[in-house]
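In: could you work out the structure for the sequence below:
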Amino acid sequence: MSGRLPADEGVEYELCSLEKTLPFPYFSVIRDSAGRTLDNPDFSSTLKTLRVLFLRTLTTSDTGTCRSTVITPKTTGMDDIYRLRDSSNLQSPSLLFYPHIIERNIDTAIRLAGGPDRLRPHIKTNKSADVVSLMAARGIRKFKCATMAEAQLLGTVGAEDVVIAYQLLGPAIGLYLDICERFPETTYKSIVDSRDALLALADKAQKRGRTAEVMIDLDVGMNRTGLQPGKQAFELYRLIADTPGVVAAGIHAYDGHVHESDPGKRAAIAAEIYERTTAFRRQLETAGLPVPEVIVGGTPTFSCYTEYPDVILSPGTCILQDGGYLDLFPDLEFEPAALVFGRILSVPGKNTITVDCGSKAVSSDSANARGRIINMDGTIPGRQNEEHWVFSCDAAVDAYAIGDDVYILPTHICTTVALYSQAVTVGRNGEVTGSWPISARDRLF
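Out: As a prediction, this is how the structure comes out:
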């Protein structure tokens, strides 16, 4: 089969007729009925231009026939999806949000999870009341966050249930209790992995006549925070249940270390994490300790846990999606919904351009390339300073002029969003429709 494949659901193809390299700008992931990848075409050369974004998930029957189970148009090219109709009055650099793509990503997350009630999205990526409102409009009522500003934001938009996935220390305890009192319609919870932190929270909550809901933070392999399932974790959870001023609210088990590109390997690791976490839960419940909720997963793995109905799923990045996850997890069905807009600032050499998107415009925390220009083929990121970013070009730069627009897909969108006080919103036809505040970019709201 050659040329463009039709985009009709239910269309059948014979395995022998599928090309190993499907025509630009499409790609395919083909799996058998057990979920094993049969063919994963290499599009490394074209993915850098963000034009290979048409996801087809195919399954095979015993007869060797491929049936399309998910056919979702992702983009039809840079010009159709991301380019602004008129950029002449737009300051550069600017953060761009595409609300219609954000909505599609939310819908995809809900579909993969099996319903909005299975989700507790982390808002660390978007930090935006407008994005949270889009999720709430689709039935998502529970959220996760990391900072006091994010917790306050969720209270202002009327979120029903919020977990602050961060151990509270020092003045943060008092601020947390202030937020709980300010937004009584929102149920707030926090996490602990320390006896001292727990007792400090319990003491201050009790003095205010409050009871704080607390989850135990389990270390399931990331080795960043939390306790490994076992005796120490069991004793801390019992202490939560027995201490006045706090109440046991469940288990938080984040698996942010799982970065295997192969979905089968990710699923196997997730299964092992689920078994360890569930065994710990059973141990607690057998001892008469309540475990109201278990939170697992991030963007790379949350869909791996959907077969386990007794856990809540907590993706975050996928609502905006970024270049890092797009490259590392090509099986995920999410589209980039945020870009950085800039301009060519200088053309200092025959094969070199400099754009006005330095480390204060695009996050510099990525160890490798920090982003890529998606509307200029053959541009390779190089040195980045505070207000400048140098790119080498495969071809001579005669085609580029100072002032030309550039659209950059950041490798890490979470830390890029935090660099901006607002995001410019772009409509389906490339029109600028307004702006959304990044209200929780600061530590305090």
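In: please, where are all the strands along the stretch 251-400 of the chain?
Out: The residue ranges that make up the strands of the stretch 251-400 of the chain, judged by DSSP state E, counting those that start in this stretch, are 294-296, 312-313, 338-349, 352-355, 371-373, 379-384, 389-393.
In: would you confirm that G324 contacts H412?
Out: Yes - here G324 lies in contact with H412, judged by CB atoms under 8 Å, at a distance of 5.7 Å. All C-beta atoms are positioned from the backbone trio N, CA, C, and that covers glycine.
In: wait, what's in contact with Y176?
Out: Contact analysis of Y176 by CB atoms under 8 Å, 6 or more residues apart in numbering lists M148, A151, I164, L168, Y188, S190, L201, A212.
In: residue contacts, the second one?
Out: By that I understand A151. With contact taken as CB under 8 Å, 6+ apart, A151 is in contact with C145, V162, I164, Y176, I179, Y188.
In: next: the last one.
Out: When contacts are counted by CB under 8 Å, 6+ apart, A212 touches Y176, L177, C180, Y188, K189, S190, L201, A202, A205, G245, V246, V247.
In: mind putting the residues you listed in JSON lines, pLDDT, secondary structure and distance to G297 included?
Out: As requested, those are exported to JSON lines (pLDDT from 0 to 100; DSSP: H, G, I helix; E, B strand; the rest coil; distance: CB to CB, whole Å):
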{"residue": "Y176", "pLDDT": "98", "secondary structure": "helix", "distance to G297": "25"}
{"residue": "L177", "pLDDT": "98", "secondary structure": "helix", "distance to G297": "29"}
{"residue": "C180", "pLDDT": "98", "secondary structure": "helix", "distance to G297": "26"}
{"residue": "Y188", "pLDDT": "98", "secondary structure": "strand", "distance to G297": "21"}
{"residue": "K189", "pLDDT": "98", "secondary structure": "strand", "distance to G297": "17"}
{"residue": "S190", "pLDDT": "98", "secondary structure": "strand", "distance to G297": "19"}
{"residue": "L201", "pLDDT": "98", "secondary structure": "helix", "distance to G297": "26"}
{"residue": "A202", "pLDDT": "98", "secondary structure": "helix", "distance to G297": "29"}
{"residue": "A205", "pLDDT": "98", "secondary structure": "helix", "distance to G297": "29"}
{"residue": "G245", "pLDDT": "98", "secondary structure": "coil", "distance to G297": "30"}
{"residue": "V246", "pLDDT": "98", "secondary structure": "strand", "distance to G297": "25"}
{"residue": "V247", "pLDDT": "98", "secondary structure": "strand", "distance to G297": "24"}
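In: just the CA atoms of whichever strand or helix holds I179, as PDB, please.
Out: I179 is part of helix 171-182 when elements are defined by DSSP states H and E. This file holds the C-alpha atoms of helix 171-182, laid out as PDB (Å, rounded to 0.1, in the frame of the first residue of the first chain):
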ATOM      1  CA  PRO A 171       5.600  28.000  57.400                       C
ATOM      2  CA  ALA A 172       4.100  25.900  54.600                       C
ATOM      3  CA  ILE A 173       2.000  24.100  57.200                       C
ATOM      4  CA  GLY A 174       0.300  27.300  58.400                       C
ATOM      5  CA  LEU A 175      -0.300  28.500  54.800                       C
ATOM      6  CA  TYR A 176      -1.800  25.100  53.900                       C
ATOM      7  CA  LEU A 177      -4.200  25.300  56.800                       C
ATOM      8  CA  ASP A 178      -5.100  28.900  55.800                       C
ATOM      9  CA  ILE A 179      -5.900  27.600  52.300                       C
ATOM     10  CA  CYS A 180      -8.100  24.800  53.800                       C
ATOM     11  CA  GLU A 181     -10.000  27.400  55.800                       C
ATOM     12  CA  ARG A 182     -10.300  29.800  52.900                       C
END
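In: quick one on the thing from earlier: redo the contacts of A212 as CSV? Include distance to A136.
Out: Compiled in CSV, these are given as follows (distance: CB to CB, whole Å):
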residue, distance to A136
Y176, 22
L177, 25
C180, 20
Y188, 17
K189, 18
S190, 22
L201, 28
A202, 31
A205, 28
G245, 31
V246, 28
V247, 26
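In: which one of these has the most neighbours?
Out: Neighbour counts for those peak at S190, which has 27 neighbours (criterion: other CB atoms under 10 Å).
In: and the residue nearest to that residue when sequence neighbours are not counted, what does it touch?
Out: The spatially closest residue to S190, leaving aside those adjacent along the chain, is I164, at 4.7 Å (CB to CB, 6 or more residues apart in numbering). The neighbourhood of I164, defined by CB under 8 Å, 6+ apart, consists of K144, C145, A146, T147, M148, E150, A151, Y176, Y188, K189, S190, I191.
In: could you list the buried residues of stretch 384-392?
Out: Going by neighbour count (16 or more other CB atoms under 10 Å), the buried part of stretch 384-392 is Q384, H388, W389, V390, F391.
In: V432: which of the residues you listed is nearest?
Out: W389 (23.3 Å; CB to CB).
In: contacting residues for that closest one?
Out: Listed by CB under 8 Å, 6+ apart, the contact partners of W389 are G342, T354, V355, D356, C357, G358, A361, V362, P381, G382, R383.
In: what sits closest to the second one if chain neighbours are left out?
Out: I take that to be T354. For T354, ignoring the flanking residues on the chain, the nearest one in space by CB to CB, 6+ apart is S346 at 4.3 Å.
In: partner residues bridging the residue lying closest to P292 once chain neighbours are set aside?
Out: In space, and not counting its chain neighbours, P292 is closest to G250: 5.0 Å by CB to CB, 6+ apart. Using DSSP bridges, the beta-bridge partners of G250 come out as M215.
In: against P290, how distant is G250?
Out: Separation of G250 from P290 (CB to CB, to the nearest Å): 8 Å.
In: so between those two, which is more surrounded?
Out: For G250 versus P290, neighbours defined as other CB under 10 Å are more numerous around G250 (22 against 12).
In: verify the stated contact: the more buried one with I295.
Out: Yes - taking contact to mean CB under 8 Å, the distance of 7.2 Å between G250 and I295 places them in contact.
In: common neighbours of these two, please.
Out: M215.
In: pLDDT weak spots in the stretch 301-445 of the chain?
Out: Applying pLDDT under 70 to the predicted model, the residue ranges of the stretch 301-445 of the chain that meet it are 396-397.
In: whoops, the stretch 51-200 of the chain was the one
Out: Counting by pLDDT under 70, the stretch 51-200 of the chain contains low-confidence ranges at 51-79.
In: just the strands in it please.
Out: Ranges of strands within the stretch 51-200 of the chain are 55-60, 65-72, 94-97, 142-145, 161-164, 187-192, based on DSSP E, counting those that start in this stretch.
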